[in-house]
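Asker: turn this into a structure:
(chains A and B, ligands or ions: 1)
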Amino acid sequence: MLRMPEPDQHTLARRKDIIAAMKDVIPSPGGVIVDEDQLRPYECDGLMAYRQLPMIVVLPENTGQVAAILKYCHTHKIRVVPRGAGTGLSGGALPMADAITISMMKFNRVLDIDWDNRAAVVQPGVTNLGITRAVEHKGFYYAPDPSSQIACSIGGNIAENSGGVHSLKYGLTTNNVLGVEMVTIEGEILRVGGKGLDQTGYDLLGIITGSEGLLGIVTEVTVRILRKPETARALLLGFNSSEEGGKCVAAIIAAGIIPGGLEMMDAPAIKATEDFVHAGYPLDVEALLLVELDGPQVEVDYLIERVGNIAKDFGAVYSRISETEEERLLFWSGRKNAFPAIGRISPDYMCMDGTIPRVRLAEVLAGMQVLSQRHGLGVANVFHAGDGNLHPLIMFDANKPGDLERAEAFGGDILKLCVEVGGVLSGEHGIGVEKRDLMGEMFTADDMKHQERIKMAFDEDQLLNPGKVFPTLHGCGELKTLHAKAVADKFPTIPRF
Amino acid sequence: MVDVLSPTTPDQLRDAVGWALGSKTPLEVIGSGSKRAFGHAVLADTVLDCSKLSGILFYEPEELVISARVGTPLAEIKAALAEKNQQFHFEPGNFPALLGDDVVPDAGTIGGLVATNMAGSRRIKVGAARDHLLGFEAVSGRAEDFKSGGRVMKNVTGFDLSKLMSGSFGTLGVMHTVNLKVMPCDEQSASILVTCDDPKVANTIMTAAMGSENEVSAAAWISSADVRLLDIPVASEFGGGLVALRVEGPKPSVSWRSEALCTALGQYGETYELAGSYSQRLWQFVADVKPFVCASDKPNMLWRVSVPPASGGAVAERLMDVTGGRVMMDWAGGLIWLQITGSDAMAQQVRDIAGASDGQAVLVRAPAKMREGIAVFHPENPALGRINAKLRQNFDPEGILNPGRLSPPSAIGEGA
Ligand SMILES: Cc1cc2nc3c(=O)[nH]c(=O)nc-3n(C[C@H](O)[C@H](O)[C@H](O)COP(=O)(O)OP(=O)(O)OC[C@H]3O[C@@H](n4cnc5c(N)ncnc54)[C@H](O)[C@@H]3O)c2cc1C
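Answerer: Presented below is the predicted three-dimensional model:
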């Protein structure tokens, strides 16, 4: 069972004072939530297996309020949990009994669109899709497109370094953020990066992106916007085995083609989605590839033909090319609805998120089948095939005693398998609480301590989002101590000149 | 006497740093030393030479990844990539040549490239070394091994230390292994040239091109004085400055986009299409900052001014007016190379102009004496400076790695 830091009794005893102080900072009605029934919606994020009522929830409206709240928390040593839209799948926004959850959803304005610099400045509560909506009338869009884009906030995207189906060609959040305004736990307002491409000093923007709310609260975001490609077309390619599908992916890339989207599904996922949305997927194949090419019409037509030929050479037994925009969207509808489709055939499912070197795909899928039998639970796979990011969907029934635990154990084994073959624990959903205790599979104690030393440079008292990412938090004193074993007193036996 | 430690294995590297830590001996960390003249002189008599930590560990073209020890010569890596028709998408230029003295093409090591976060003209589209570093292994100033990232394309497992290490100039840790993302070379590359003498108009042209659907992968402006140095046939016919825009991709797409750009930009000046090796030669010229390559003993200074791209033209004009220097623009105006001759680097003026446009200025080349007195890197905002100093303190508590490299002696302790 998940172990979280013990609630601080001193803080709990002062709840009334804290509420009063928060109401001073945010006078508008509804800015401070204290009643149990109103706190209830905040008790979990997208990782619904874990729930905890927050001590209180605050909804600040401007940077000054965020700074005042954090300064107060810093002075009084009160823990805080930043929260965006709450769609996170690793429990990053899971509340704590003694912490203030700071919801950033009132920061919902688009502040400035700078067409000439191709940049949009927005508040962190603006949804991912909201940015594209704000710029699409002039033919622009924001490239990283998590499947949750209609709901998730750009602040959450920064915290998780979210990706999407277009990440292979257009990069993750980190490659598309130009700058942020962030408030530190001390209440200091930092501006990091900007519309120019170089930063002074260390790459703090790069470290803040993907830091899961552990370093500060982001209050403004500047992202790069891109011109929408003139057109896009997709191919559906069916294979008799996922190994053949994987080989075809490698061949496409080896031919120098980087598709806008390159997705794969296994037989259980194909069947579930086809039953749900009737996208016209073939049911007699073991693996289905969805390849999207985007760009000028001439380029797309040319590349579609090349990809089609490669697929033929690599044993595709099914091939269909979208002829209209409607058809392209239909192809995607299956993939985009894969999660709810599994939700229809199984009372509950758990979405995992590991990345592997693509060449190991067949081996990992076979290993997953073995694990599936061992744990007695079914699994369906959707897969960002271009960049090796797997999303195994483990099917279980939370009402059956022991099923959740089995699903978690199964999930843990899948991620260990990913690491074993040279992959990683998370491709885009983050560590949060979900994978926290697996960090040791990938990192040594010293690796972890160097990460914690970054945390320490921002938040010495470890008040920001405790219990997330790090399995054990070392005290600052311990992190500062120099290890005697590392200090070689004898002359090193290495070549000298 | 300068003492040189040359570890040949990661274990030896850790021992060397451990010894330095124990004996409180500051180290100057170098790869091949090709960028030694960039930044401040390191306050150390002992050199930690990483060039013997060398060799490609694996290169898997279909997986788009290469892993190498930091001391591997860039030339060796580029040759391996070229054999499979691949490249680093961030196309690092021949930066060492800018620093002067007989430097061979592609001098430098892969570690030095990452540690200085290099990037060429394609940065405007695909980023810098930081965006392509998938993972690394290193020894910190605490003489402890640590790693981050991995070898896969998509990874959010823990903090992204790869970003922190890129551009940290070896002041946080000494990397011994780096994993980088590689990309296929494009089938075709072509350049559209538009005649233009005025940097502000040039900026407008580049902005229009970047905002179009034509996926421009590089946009630069070369002044009339420097166009003469460009060794391509049409250049001499221009008799003026020119904007260069690059499109890359499959053949039919490149032709189509080139034509579209010529049509759209005709209103600004005469347009030409440059294909094949001439186009490549032009971008090599820009990447290498050819007009401003010269021997380091000459009293001339080179600034690298980075601003929001759409302000580049105005900033360039102002820099020329105030300093009397020469400029070349890259990154659609986001990067201005400014060469000043004479005996004054005009640091304050250059920094004020850059700062007024939310930009920054780095003094890339200047006589050693001058570099002692001026902060080479743009002064950081004090709040960020405090965090940077803490990071440095946490990773290298005794300050044994490249002390002084990022800030002049007078400022040590203040910044990172
Ligand atoms: C159906 C579904 C599909 C999904 N598909 C994808 C996908 O394709 N790709 C992908 O990458 N993810 C996906 N996700 C996961 C999730 O949507 C992303 O992680 C998203 O970025 C979370 O944003 P959020 O606003 O909901 O953040 P939350 O869940 O509210 O918070 C996430 C983390 O960010 C922190 N945080 C939030 N706002 C701030 C702020 N302003 N400052 C500092 N820290 C902050 C929180 O503390 C927490 O640690 C999916 C989720 C669902 C439910």
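Asker: is it fair to say A:Leu371 lies in a helix?
Answerer: Yes: read with DSSP: H, G, I helix; E, B strand; the rest coil, A:Leu371 is one of the residues of a helix.
Asker: how near is A:Gln149 to A:Asp397?
Answerer: For A:Gln149, the distance to A:Asp397 equals 30 Å [CB to CB, to the nearest Å]. Using the backbone N, CA and C atoms, a C-beta is placed for each residue, glycine as well.
Asker: repeat for A:Arg15
Answerer: Distance, A:Arg15 to A:Asp397, using CB to CB: 37 Å.
Asker: also A:Asp446?
Answerer: Distance of A:Asp446 to A:Asp397, given as CB to CB: 41 Å.
Asker: repeat that for A:Val177.
Answerer: 40 Å.
Asker: then B:Ile192?
Answerer: Distance from B:Ile192 to A:Asp397, by CB to CB: 61 Å.
Asker: swap in B:Val17?
Answerer: 54 Å.
Asker: so for the two, which residue has more residues nearby?
Answerer: Set B:Val17 next to A:Asp397 and count neighbours by other CB atoms under 10 Å in any protein chain shown: B:Val17 wins out with 33 against 14.
Asker: may I see the buried residues of the strand or helix carrying A:Ile270?
Answerer: Per DSSP states H and E: A:Ile270 is located in helix A:267-277. By neighbour count with 16 or more other CB atoms under 10 Å in any protein chain shown, helix A:267-277 contains the buried residues A:Ala267, A:Pro268, A:Ala269, A:Ile270, A:Lys271, A:Ala272, A:Thr273, A:Glu274, A:Phe276, A:Val277.
Asker: my read: the last one touches A:Pro340, true?
Answerer: No: between A:Val277 and A:Pro340 no contact is recorded; they are 9.1 Å apart, counting by CB atoms under 8 Å.
Asker: for B:Ala244, what are phi and psi?
Answerer: Phi and psi for B:Ala244, reported as degrees, to the nearest 10, are phi -120, psi 130.
Asker: ok, it - contacts?
Answerer: Applying CB atoms under 8 Å, 6 or more residues apart in numbering or on different chains to B:Ala244 gives the contacts B:Ser191, B:Ile192, B:Leu193, B:Ala218, B:Ala219, B:Ala220, B:Trp221, B:Ile222, B:Leu274, B:Leu282, B:Trp283, B:Val286.
Asker: against B:Ala287, how distant is it?
Answerer: 12 Å.
Asker: I'd like the average pLDDT over whichever strand or helix holds B:Ser217.
Answerer: Here B:Ser217, judged by DSSP H and E, is contained in strand B:216-222. Summarised as a single mean, pLDDT over strand B:216-222 is 97.
Asker: from the contact counts, what lies against it?
Answerer: Helices and strands touching strand B:216-222, by 3 or more CB pairs under 8 Å, 6 or more residues apart in numbering or on different chains; DSSP states H and E, are helix B:123-126, helix B:199-210, strand B:242-249, helix B:276-287, strand B:326-330.
Asker: can you state the direction angle for that strand and helix B:276-287?
Answerer: Here strand B:216-222 runs at an angle of 70 degrees relative to helix B:276-287 (axes from the mean of the first three to the mean of the last three CA atoms, to 10 degrees).
Asker: list the contacts of strand B:216-222.
Answerer: Contacts for strand B:216-222 (CB under 8 Å, 6+ apart): B:121-122, B:124-126, B:196, B:199, B:202-203, B:206, B:209-210, B:230, B:241-248, B:261, B:283, B:285-286, B:291, B:313, B:316, B:328-333.
Asker: next: stretch B:316-328.
Answerer: For stretch B:316-328, the surrounding residues in contact (CB under 8 Å, 6+ apart) are B:199-200, B:203, B:220-223, B:225-226, B:286, B:289, B:291-292, B:303, B:305, B:329, B:333, B:336-342, B:346, B:349-350, B:353.
Asker: which among those residues count as buried?
Answerer: B:199, B:203, B:220-223, B:226, B:286, B:289, B:291-292, B:303, B:305, B:329, B:333, B:336-340, B:346, B:349-350, B:353.
Asker: next, the residue of chain B found nearest the ligand: secondary structure please.
Answerer: Residue of chain B nearest the ligand, by CB to the nearest ligand atom: B:Val156 (7.8 Å). Look at B:Val156: counting by three-state DSSP, its state is coil.
Asker: that one against A:Ser426, yeah?
Answerer: Yes: the pair B:Val156 / A:Ser426 is scored as a contact, 5.1 Å apart, by CB under 8 Å.
Asker: give me the average confidence score over the helix holding A:Ile270.
Answerer: On average, helix A:267-277 scores 96.
Asker: quick check: can you list the domain ranges of chain B?
Answerer: Residue ranges for the domains of chain B, per automatic domain parsing: B:49-184, B:188-287, B:290-373, B:378-397+B:407-416.
Asker: worst mean pLDDT among the ones you listed?
Answerer: Looking at the domains of chain B, the lowest mean pLDDT belongs to domain B:378-397+B:407-416 (a mean of 81).
Asker: what residues of that domain count as buried?
Answerer: B:378-380, B:384-397, B:407-408, B:415-416.
Asker: among those, which are in strands?
Answerer: Among the buried residues of domain B:378-397+B:407-416, no member is found in strands (DSSP state E).
Asker: which ones, among those, also lie beside chain A?
Answerer: Contacts with chain A within the buried residues of domain B:378-397+B:407-416, as defined by CB under 8 Å from any CB of the partner chain: B:378-380, B:384-385, B:387-388, B:390-391, B:394-395, B:397, B:415-416.
Asker: count the neighbours of the residue lying closest to A:Val433 once chain neighbours are set aside for me.
Answerer: Nearest residue to A:Val433 in three dimensions, chain neighbours excluded: A:Gly91, at 3.9 Å (CB to CB, 6 or more residues apart in numbering or on different chains). For A:Gly91, the neighbour count with other CB under 10 Å is 27.
Asker: wait, A:Gly91 sits on A:Lys468?
Answerer: Yes: between A:Gly91 and A:Lys468 there is a contact at 7.4 Å, judged by CB under 8 Å.
Asker: intersection of neighbour lists for the two?
Answerer: Shared contacts of A:Gly91 and A:Lys468 (CB under 8 Å, 6+ apart): A:Gly432, A:Val433.
Asker: in three-state terms, label B:Ala361 for me.
Answerer: Counting by three-state DSSP, the backbone at B:Ala361 sits in strand.
Asker: gap between it and chain A?
Answerer: 10 Å (CB to the nearest CB, to the nearest Å).
Asker: tell me the contacts of that residue?
Answerer: Applying CB under 8 Å, 6+ apart, we find B:Ala361 in contact with B:Trp303, B:Arg304, B:Val305, B:Ser306, B:Ala347, B:Val350, B:Arg351, B:Ala354, B:His378.
Asker: change it to 10 Å
Answerer: Listed by CB atoms under 10 Å, 6 or more residues apart in numbering or on different chains, the contact partners of B:Ala361 are A:198, A:200, B:303-307, B:315, B:319, B:336, B:338, B:347, B:349-355, B:376-378.
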